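*Asks:* sequence-free structure coming up:
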């Protein structure tokens, strides 16, 4: 009816022709083996043995009554013993951890009590290696990752000397540059400063990463020499349009410095390989690139990579690159009597004495494609113009 194996109600018939169904004269016994034997001691375990007289359905355990619990008792006792051991170890570990945390808390409480009286005024006096400075607490804590910010954070006991200044045992010769950087966020040094190595050592000591970053030598950028392209944005835009295989660019001539004569242009720029011309007319900035060397031979030159560009224009259109019309043979014009000239027509022409002659002009659209919707006077707003300045750059 109910058994330790969890089987359902089961009927077990007598084996066919079996003669030993029951045994008389004892407590209830069934079968030869006996299949079931109820002993006299009711407190003891009843015994079930191998079925010999009664047929147990296939796959059923032949000890459907309660099994021998001797081994099980031993196993259960071992499990309990192991569990008690693990619990004891866990309790000991927790006790050790609790003791450690109590010790840490006492240390923190002691430090907090000590620091209750650590306060700094808004104005701080410093003595850096004999150099005295007066600054604000706000300045000293400006860079949260610096040693100065840590020193004056209130987390450490700091006491001034008898004269009221906090002493820092460092060379204070260049400390003013560090303070000025913390005040403004800008590292300002004298022209041609020769103490950069010393300043770097001090910045490293005070852990001011911003100064260290400023002192890293920077690779020269394209067109930094230009007095026409005065913003990094404009220089970057033009650099992005140029073929990257040409590398860095250097100034070959500047009209306001070297002269506006066509002869000067050719003497400084002919046979120099790829060039970039940057022109300023009033507030308008434009120019062109060619991968073919300039010359004075008086002829048109076919190019495959040349283009014009506009950085600033009367219409306020964003910086624009104007590509060469496909299969256009008149990319640039080279003549000893003319300054830089691009396109047939010409798309733009810089004349001799371009600052005063009034003969420089632009008729876009012949060899180069102007921005959509823009007229042929897009560069300056008029066909003819005077040139304020122009520069020519070649490959370094």
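*Replies:* Yep, it's here. Because the structure is a prediction, the values reported are computed rather than measured. Residues are numbered from 1 along each chain as shown.
*Asks:* hey, let's count contacts and neighbours off CA atoms from now on
*Replies:* Noted.
*Asks:* pretty sure residue 338 contacts residue 353?
*Replies:* No - in this structure residue 338 lies outside contact range of residue 353 using C-alpha atoms under 8 Å: 9.2 Å.
*Asks:* Could you tell me which residues touch both of those two?
*Replies:* residue 262 (C-alpha atoms under 8 Å, 6 or more residues apart in numbering).
*Asks:* In this protein, which helix is the longest?
*Replies:* Counting by DSSP state H, the longest helix found in the chain is helix 70-115.
*Asks:* pLDDT of that helix, averaged?
*Replies:* Per-region confidence: helix 70-115 scores 81 on mean pLDDT.
*Asks:* Same check on stretch 142-154?
*Replies:* 93.
*Asks:* do stretch 341-360 as well
*Replies:* What stretch 341-360 shows for mean pLDDT is 96.
*Asks:* Can you check the distance spanned by that stretch, start to finish?
*Replies:* Stretch 341-360 has an end-to-end distance of 10 Å (C-alpha to C-alpha, to the nearest Å).
*Asks:* now stretch 278-285
*Replies:* 7 Å.
*Asks:* cool, stretch 347-363 as well?
*Replies:* End-to-end distance of stretch 347-363 (C-alpha to C-alpha): 5 Å.
*Asks:* can you list contacts of it?
*Replies:* Identification of contacts with stretch 347-363 by C-alpha under 8 Å, 6+ apart yields 260-262, 337-342, 345-346, 364-368, 376-377, 379, 382-389.
*Asks:* The same query, at a cut-off of 7 Å, please.
*Replies:* Stretch 347-363 is contacted by residues 260-262, 337-342, 345-346, 364-368, 376-377, 383-388 when judged by C-alpha atoms under 7 Å, 6 or more residues apart in numbering.
*Asks:* correct me, but residue 167 touches residue 127?
*Replies:* Yes - assessed by C-alpha atoms under 7 Å, residue 167 is found in contact with residue 127 at 4.7 Å.
*Asks:* Could you check which of the two is surrounded by more residues?
*Replies:* A count of neighbours by other C-alpha atoms under 10 Å puts residue 127 above the other of residue 167 and residue 127, at 20 against 17.
*Asks:* how close does that one sit to residue 163?
*Replies:* Counting by C-alpha to C-alpha, the gap from residue 127 to residue 163 is 10 Å.
*Asks:* Could you do residue 194 as well?
*Replies:* Distance, residue 194 to residue 163, using C-alpha to C-alpha: 34 Å.
*Asks:* cool, and residue 196?
*Replies:* Separation of residue 196 from residue 163 (C-alpha to C-alpha) stands at 32 Å.
*Asks:* Residue 175 now?
*Replies:* Distance, residue 175 to residue 163, by C-alpha to C-alpha: 20 Å.
*Asks:* Pick out whichever of the two has more residues nearby.
*Replies:* Using other C-alpha under 10 Å, the more surrounded residue of residue 175 and residue 163 is residue 175, with 19 against 8.
*Asks:* mind checking pLDDT for the more buried one?
*Replies:* If you check residue 175, the pLDDT there is 97.
*Asks:* Residue 293 versus residue 304, what's the distance?
*Replies:* Distance, residue 304 to residue 293, by C-alpha to C-alpha: 13 Å.
*Asks:* pLDDT weak spots in the stretch 201-350 of the chain?
*Replies:* Filtered on pLDDT under 70, the stretch 201-350 of the chain yields the residue ranges 219-220.
*Asks:* Spell out the residue ranges of the strands in it.
*Replies:* Ranges of strands within the stretch 201-350 of the chain are 249-254, 275-281, 284-290, 297-301, 307-312, 320-323, 332-335, 341-342, 348-349, based on DSSP state E, counting those that start in this stretch.
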